[in-house]
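Q: I would like the atomic coordinates for the input below:
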Amino acid sequence: MLAITHKDTRLVLHHVDADTLAGIELAGIILAGAELRGADLRGADLRGANCQAADLCLSDLSDANLSDANLIAADLTLSTPTGCQFRRARLGDARLQAVGADRADFGGADLTRVTLKNSKLRGTSFANANLRRADLTHADLTGADFTGADLTDANLGFAILTGARLPYATLAGAVLTGATLREADLSHAELSQAIFNDADLTGADWTGALCSKTVIAQCRGLETVRGLDAVTHLSLSSVDAATLRACGGLLPSRFLDGVGAIADRAPA
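A: Modelled structure (predicted):
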């Protein structure tokens, strides 16, 4: 028999009639503040569980189901949630610097101000998730799905977003300094006041994207971005001379007019 205790008070929160938590059925259980550091929760059913402020650091959550769970302010640092279901879960202010979260599903989850920096999140789904002010710096988001996600004021500095899907995502005020967006789909995305500084935009798709006071500075591959002539401009944006020079006069005039840059005035 195992006892799950509170991380601070050491009071027993729940007894488990098993030798391991792997594959255990704990749906809807209250485990607020639980001490689950390093726990083996592979394949566990924690749907709707209250794990607020729980210590899940170094835990193995591979293929576990935490859909609709309360993980607000939980510590999942260095956890392994590969293939884990977090659909509609509440993770506001949680620390989730995961070492292996490939194929995890955060669809519709609340990830407000969550820390995901340095995480490996290849192929992870964040469709329709709330990631406002989330920290995704240096995260590997290759092939991740952010369709319809809210990334307002999120920090995606130096994140790898190669082949990521961000159609209809909101990136208003998002910081993408040093980000890799090769072949990323940003069609119909909200890019108002977003900052693309030293970003790699090679082969990205901006068809129908909305720009307003968007900053594009020292970026690579802007001339290869698809759909630039179909970008909607609500107000002028900023494209620096170095980026314009690197594009070699290949940017469509409609895009240049929209951002307020005049092609024949670009530095030679």
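Q: what mean pLDDT does stretch 239-252 have?
A: Averaged across stretch 239-252, the pLDDT comes to 94.
Q: how distant is that stretch from the center of its chain?
A: Relative to its chain's centre, stretch 239-252 lies at 29 Å (CA atoms, centre = their mean, to the nearest Å).
Q: Just the CA trace of that stretch, in CSV.
A: Taking Å, rounded to 0.1, in the frame of the first residue of the first chain, the C-alpha atoms of stretch 239-252 are listed here in CSV:
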residue,chain,number,x,y,z
VAL,A,239,10.7,46.7,-41.1
ASP,A,240,14.4,47.6,-40.6
ALA,A,241,16.8,48.5,-43.4
ALA,A,242,18.9,45.3,-42.9
THR,A,243,15.9,43.1,-43.5
LEU,A,244,14.8,45.0,-46.5
ARG,A,245,18.4,44.9,-47.9
ALA,A,246,18.6,41.2,-47.4
CYS,A,247,15.3,40.7,-49.4
GLY,A,248,16.9,42.1,-52.5
GLY,A,249,13.8,43.9,-53.7
LEU,A,250,11.7,40.7,-53.8
LEU,A,251,9.0,41.8,-51.4
PRO,A,252,5.5,42.5,-52.9
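Q: and that stretch, which residues are buried?
A: In terms of neighbour count (16 or more other CB atoms under 10 Å), stretch 239-252 has its buried residues at 239, 243-244, 247, 251-252. To be clear about C-beta, it is placed using only N, CA and C from the backbone, and glycine gets the same treatment.
Q: Please, where are all the strands along the stretch 51-200 of the chain?
A: Counting by DSSP state E, counting those that start in this stretch, one finds strands in the stretch 51-200 of the chain at the ranges 195-197.
Q: Most widely separated two among the buried residues of stretch 239-252?
A: The span of the buried residues of stretch 239-252, defined through CB to CB, is set by Thr243 and Pro252 at 14.6 Å.
Q: returning to what we had before: quick one: which of the buried residues of stretch 239-252 sit in helices?
A: 243-244 (DSSP state H).
Q: now, which of the buried residues of stretch 239-252 sits nearest Ser119?
A: Thr243 (29.3 Å).
Q: Show me what stretch 57-71 is in contact with.
A: 32, 36-52, 54, 75-91, 94, 100 (CB atoms under 8 Å, 6 or more residues apart in numbering).
Q: Just the C-alpha atoms of it, please, in PDB.
A: The C-alpha coordinates for stretch 57-71 follow below in PDB (Å, rounded to 0.1, in the frame of the first residue of the first chain):
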ATOM      1  CA  CYS A  57       8.900  17.500 -10.300                       C
ATOM      2  CA  LEU A  58      10.800  14.700 -12.000                       C
ATOM      3  CA  SER A  59       7.600  12.600 -12.300                       C
ATOM      4  CA  ASP A  60       6.900  10.300 -15.300                       C
ATOM      5  CA  LEU A  61       3.600  11.300 -16.700                       C
ATOM      6  CA  SER A  62       4.000   9.400 -20.000                       C
ATOM      7  CA  ASP A  63       0.600   8.600 -21.500                       C
ATOM      8  CA  ALA A  64      -1.200   9.700 -18.300                       C
ATOM      9  CA  ASN A  65      -4.600  11.500 -18.600                       C
ATOM     10  CA  LEU A  66      -4.900  14.800 -16.700                       C
ATOM     11  CA  SER A  67      -7.700  16.200 -18.800                       C
ATOM     12  CA  ASP A  68      -9.800  18.800 -16.900                       C
ATOM     13  CA  ALA A  69      -7.300  18.500 -13.900                       C
ATOM     14  CA  ASN A  70      -6.500  21.500 -11.700                       C
ATOM     15  CA  LEU A  71      -2.700  21.900 -11.900                       C
END
